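**Student:** model this:
(2 chains)
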Amino acid sequence: MAGNNCMCQQAGVLIFPCSGGSDVGELSDRAARKMAKCGQAKMFCLAGIGANIPGIIESAKAANKLIAIDGCPVACSKKILEQARFTPVAFNLKDMGFIKGKTRVDDDSIEQVLSKITGGKIEEADCNTSGGCCGS
Amino acid sequence: MKIEVLGMGCPKCKQLIVNAEGAVKELNIQAEISKVTDIDKITEYGVMMTPALAVDGVVVSVGKVLSKNEIKKIISK
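**Tutor:** Below is the predicted model:
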């Protein structure tokens, strides 16, 4: 029954982009989704943290690390997590040279963000980082 | 009191059920312990990792096999 659908793997790294309405908000979201796709982090719901949903708060508590990616200096993601008493590792696209309203969202800019966050380009070979526990 | 153990049925989930049953027994309280194995229901709670424990519909723990004593503390509140 545990089988392939078991959800008892380690929580690992959860990533919370601000996913704001601007170009830099979109860039934060797309960079986070690429990290998630490559298995370097799990995308998680910032809205659920803000809404104080117990299951989401407790899931975040179980994570090894929380990463906030904000598009602009308002830093909504970082602040929402801090209000929920988390201490995320926070990145702000402004600090990477991306200016709100003047940022193109494309593969290059996504790659630049990922490079800053991960310290290097994400390789597909690195995509499988989750570990299982069933039967152990 | 309604205690739900959320998980797909792996050994950790089963251990959490045993611990919850032990906690209820030692406290000598009336509680309904149920297993939630439906992944849709688990994710409706916002739970991303299992096993998880919910008391009266509120998730109180995720990704941990709480000990009997830890569960006793939670449900005694």
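**Student:** list the residues that contact the nearest residue to residue A:32 once chain neighbours are set aside.
**Tutor:** Distances taken as C-beta to C-beta, 6 or more residues apart in numbering or on different chains put residue A:17 closest to residue A:32, at 3.8 Å, once the chain neighbours are dropped. Bear in mind the C-beta positions are built from the backbone N, C-alpha and C, glycine included. Going by C-beta atoms under 8 Å, 6 or more residues apart in numbering or on different chains, residue A:17 touches A:25, A:28-29, A:31-33, A:43, A:46, A:68-71, A:77.
**Student:** got phi/psi on residue A:17?
**Tutor:** Here is the backbone geometry of residue A:17 (degrees, to the nearest 10): phi -80, psi 150.
**Student:** neighbouring contacts of the one helix or strand in chain A whose mean pLDDT sits lowest?
**Tutor:** Using mean pLDDT, DSSP states H and E, strand A:42-43 stands out as the lowest-scoring helix or strand of chain A, at a mean of 92. The contact list for strand A:42-43, computed with C-beta under 8 Å, 6+ apart, reads A:11-15, A:17, A:32-33, A:35-36, B:48.
**Student:** I'd like those residues laid out as JSON lines, including pLDDT.
**Tutor:** Shown next, in JSON lines, are those (pLDDT from 0 to 100):
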{"residue": "A:11", "pLDDT": "74"}
{"residue": "A:12", "pLDDT": "87"}
{"residue": "A:13", "pLDDT": "94"}
{"residue": "A:14", "pLDDT": "95"}
{"residue": "A:15", "pLDDT": "97"}
{"residue": "A:17", "pLDDT": "98"}
{"residue": "A:32", "pLDDT": "97"}
{"residue": "A:33", "pLDDT": "96"}
{"residue": "A:35", "pLDDT": "93"}
{"residue": "A:36", "pLDDT": "93"}
{"residue": "B:48", "pLDDT": "88"}
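**Student:** gap between the residue nearest to residue A:61 when sequence neighbours are not counted and residue A:60?
**Tutor:** Leaving aside its sequence neighbours, residue A:61 sits nearest to residue B:62 (C-beta to C-beta, 6+ apart; 6.9 Å). Distance of residue B:62 to residue A:60, computed by C-beta to C-beta, to the nearest Å: 9 Å.
**Student:** more neighbours: which of those two?
**Tutor:** Using other C-beta atoms under 10 Å in any protein chain shown, the more surrounded residue of residue B:62 and residue A:60 is residue B:62, with 28 against 24.
**Student:** how near is that one to residue A:83?
**Tutor:** From residue B:62 across to residue A:83, the span is 20 Å (C-beta to C-beta).
**Student:** tell me the contacts of the residue nearest to residue A:61?
**Tutor:** Contact analysis of residue B:62 by C-beta under 8 Å, 6+ apart lists A:11, A:55, A:58-59, A:61-62, B:47-50, B:52.
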